[in-house]
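# model this:
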Amino acid sequence: MKKFLSLIMVICVMLSFASFAEVPAEIENGVYKTGLAIAAEPITLRVAVSRHTGDQSTSYNAKPFVTKSVAETGLNFEFIEMTTDVEAQLSTMLASGDDMPDIFLCSLGNLYEKNMALFADLSGMLEEWAPTVVDYYNSFGVNWDDLTENDGSIRRLLTGMYSNPGNIPGNLMYIRIDWLENLGLEMPTTIDEFYDVLVAFKEEDANGDGDPDNEMPLDFSNGNLMRWAIPFGVGSISDWDYYIVKDGVVEPTVNTEAYRAFLEWFHQLYAEGLVNPEGFTQTGDQYNANVKSKLVGCYAAWSPHGFWGTVPDALECYPLPVLASDEYEYLFPSNNPVSMTFGFQIAESSKHKEAALRWWDYLSSEEMRWLTGRGPEGLCWEFAEDGVTHQVHTYTEEDALRIFEEYGMEGFDWTMPGAAFYMDSWFPVIDTNTSYAPPAEGEVMVQGWMRKLGQEAIGEENFSDWMSNYVIPADVNEKLAFATEGMSDFIVAFRADAIINGVTDESWDAYVAELEAYGYDYYIEVYQAKLTNDF
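The predicted structure is shown next:
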């Protein structure tokens with residue numbers, strides 16, 4: 001009997017300890033406040049996400065970071081994937097009222113400013129529901145003022161790499177070195193030599209297929225045309241930026257004599273059939289298809305790997321070096337290497353704000369940041385020997401096929417294979433020190449290494465300053481939009497007309513006068529204030 005009572009007492013003590021050990025995490029709105037599990041009851045988050053054009057996964061639900069999220073957090077996801085007409089789709093969603101997605105993983109651009117009230121104020125929720133995010137921001141000195149709106153709210157969080165020097169050049173200009181070799185030509189180093197190369201590409205059988213008439217010397221599209229203005233010192237990161245930063249000053253570009261010279265030069269290329277006459281109207285998909293066909297001699301892009309992947313085909317192209325001239329200063333516009341992309345927003349109408357924010361905090365953990373942002377370790381990245389520095393990994397075809405098979409994602413054509421795994425540019429902030437290893441024997445250089453070589457070929461002295469990441473206040477942005485309404489369309493229309501039909505003194509003078517009336521001076525003034533945060 002004594003033994004029995006002793007056993008009962010031991011069991012009771014054990015049960016009391018177990019009851020203390022198994023105290024469930026606090027639950028609010030169906031969400032655990034702590035622990036790996038998030039959903040205390042069935043929750044499906046609807047997520048609108050901008051999908052990379054090179055993404056070959058069947059859907060976002062097939063990506064490893066999503067399957068791991070479902071298994072570990074108990075959440076389920078309905079992804080609304082957008083590849084084309086993103087702005088139009090977003091506009092429709094924002095007009096849908098309570099039927100909006102819970103989460104927007106994408107850049108909203110001007111739609112954010114116009115619809116700010118439709119997004120939840122996260123300022124009072126971050127410490128409680130996203131402590132990992134808060135700690136990470138603080139450890140890297142993120143300025144919370146950059147995230148805070150004028151009314152004190154925080155309605156969007158940072159996405160993408162925090163710092164990467166490889167981002168500085170933006171798109172580079174590339175040339176097919178196999179065409180140069182086929183024709184016995186040297187790499188051009190001046191504007192005049194580049195023109196001669198384009199002529200040779202047009203008149204001779206540059207690709208060696210026996211047909212001298214199927215080559216397109218240079219292709220472009222709206223979005224990357226202004227890359228070709230870089231030799232004239234008036235290029236821009238995109239076709240919709242109308243300034244360049246030089247010696248700490250924001251200088252205008254599209255009303256200068258150098259810009260007119262660029263238009264006249266590109267008009268000559270257009271008139272002589274050296275550029276794609278459909279460039280102004282073709283879609284991004286058409287542009288990509290042209291380049292991938294290997295019938296384009298020169299183009300602008302982040303990397304050839306975006307068309308062919310990490311295979312020898314990508315090595316048939318190489319970044320153009322500086323194209324010098326006696327009259328114009330070559331100036332390559334710089335991206336800010338510190339990424340401050342706002343890409344995570346929760347809808348005010350969402351009934352699952354806590355779950356959405358906890359999921360983002362979960363994705364912001366060390367392991368999940370890398371799985372979400374770069375795919376499985378060993379495909380596009382690896383830990384360096386110091387165990388801290390993250391290094392982009394070069395790999396053989398066999399390595400990649402093994403990883404694809406491991407995750408059940410076979411059948412890739414090597415166009416951006418990593419895009420099948422990661423979240424494009426909307427992943428949590430992950431990186432402060434990305435380095436690129438030179439390819440070992442039997443390996444093909446990754447795009448980061450090729451971009452590094454291109455950046456070195458251009459030379460640090462030929463890069464402009466970069467624009468700050470300070471946010472233009474909403475009231476200033478509203479005033480700017482009103483003061484410059486129609487300006488961008490006017491610039492783009494004149495640019496196309498000047499290239500197609502040419503420029504005269506009369507047309508140029510009228511354009512410059514009209515540009516002033518559109519508020520171009522005020523536009524430059526605002527971006528000067530953005531550069532120094534002097535609002």
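# number of nearby residues for Asp247?
A count of nearby residues for Asp247, using other C-beta atoms under 10 Å, gives 7. Heads up, the C-betas are built off the backbone N, CA and C, glycines and all.
# what mean pLDDT does stretch 81-95 have?
Stretch 81-95 carries an average pLDDT of 92.
# in it, what's buried?
Residues of stretch 81-95 classed as buried by neighbour count (16 or more other C-beta atoms under 10 Å): Met82, Val86, Gln89, Leu90, Met93, Leu94.
# what about the stretch 51-200 of the chain, any weak spots by pLDDT?
Counting by pLDDT under 70, the stretch 51-200 of the chain has low-confidence residues at 161-162.
# what ranges do the helices span in it?
Taking DSSP state H, counting those that start in this stretch, the helices of the stretch 51-200 of the chain run over residues 64-73, 86-94, 110-114, 126-129, 131-139, 177-182, 191-203.
# out of those helices, nearest to Glu366?
Closest of the helices of the stretch 51-200 of the chain to Glu366 is helix 131-139, at 9.1 Å (criterion: C-beta to C-beta).
# run the chain-centre distance for that closest one.
Chain-centre distance of helix 131-139: 23 Å, with C-alpha atoms, centre = their mean, to the nearest Å.
# packing partners of it?
helix 126-129, helix 353-363 (3 or more C-beta pairs under 8 Å, 6 or more residues apart in numbering; DSSP states H and E).
# do you know which of these lies nearest Leu180?
With C-beta to C-beta, the closest approach to Leu180 among those belongs to helix 353-363: 44.7 Å.
# got the CA coordinates for the closest one in CSV?
In CSV, the C-alpha atoms belonging to helix 353-363 read as follows (Å, rounded to 0.1, in the frame of the first residue of the first chain):
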residue,chain,number,x,y,z
LYS,A,353,-3.2,41.2,-39.1
GLU,A,354,-1.5,39.4,-36.2
ALA,A,355,-1.0,36.2,-38.2
ALA,A,356,0.3,38.1,-41.2
LEU,A,357,2.8,40.0,-39.1
ARG,A,358,3.9,36.9,-37.2
TRP,A,359,4.5,35.1,-40.5
TRP,A,360,6.7,38.0,-41.7
ASP,A,361,8.6,37.8,-38.5
TYR,A,362,9.0,34.0,-39.0
LEU,A,363,10.3,34.6,-42.5
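# that one: what's the following helix or strand?
helix 366-374 (DSSP states H and E).
# neighbouring strands of the helix or strand following that following helix in the sheet, and parallel or not?
Following helix 366-374 in sequence order, the next helix or strand is strand 381-383 (DSSP H and E). Here strand 381-383 is paired, per DSSP bridges, with strand 390-392 (antiparallel).
# mind saving the C-alpha coords of the helix or strand following the strand it pairs with as CSV?
Following strand 390-392 in sequence order, the next helix or strand is helix 397-406 (DSSP H and E). Extracted C-alpha coordinates of helix 397-406, given in CSV (Å, rounded to 0.1, in the frame of the first residue of the first chain):
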residue,chain,number,x,y,z
GLU,A,397,24.9,21.7,-63.8
GLU,A,398,25.0,18.4,-61.8
ASP,A,399,24.8,20.4,-58.6
ALA,A,400,21.8,22.3,-59.6
LEU,A,401,19.9,19.2,-61.0
ARG,A,402,20.5,17.4,-57.7
ILE,A,403,18.9,20.4,-55.8
PHE,A,404,16.0,20.6,-58.2
GLU,A,405,15.3,16.9,-57.9
GLU,A,406,15.6,17.1,-54.1
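# quick check: mean pLDDT across helix 397-406?
Helix 397-406 shows a mean pLDDT of 74.
# quick check, nearest of the buried residues of stretch 81-95 to Thr253?
Using C-beta to C-beta, the buried residues of stretch 81-95 come closest to Thr253 at Val86, 26.9 Å.
# before we move on, the earlier item: ok, the buried residues of stretch 81-95 vs Tyr60, which is closest?
Closest to Tyr60 out of the buried residues of stretch 81-95 is Met82 (11.0 Å), distances taken as C-beta to C-beta.
# neighbours around Leu453, how many?
Residues near Leu453, counting by other C-beta under 10 Å, number 15.
# element containing it, please.
Here Leu453 sits within helix 447-458, counting by DSSP H and E.
# find the nearest non-adjacent residue to the most centrally placed residue in the chain, please.
In the chain, the centroid-proximal residue (C-alpha atoms, centre = their mean) is Ser425; its distance is 5.0 Å. Nearest residue to Ser425, sequence neighbours excluded (C-beta to C-beta, 6 or more residues apart in numbering): Gly160, at 4.8 Å.
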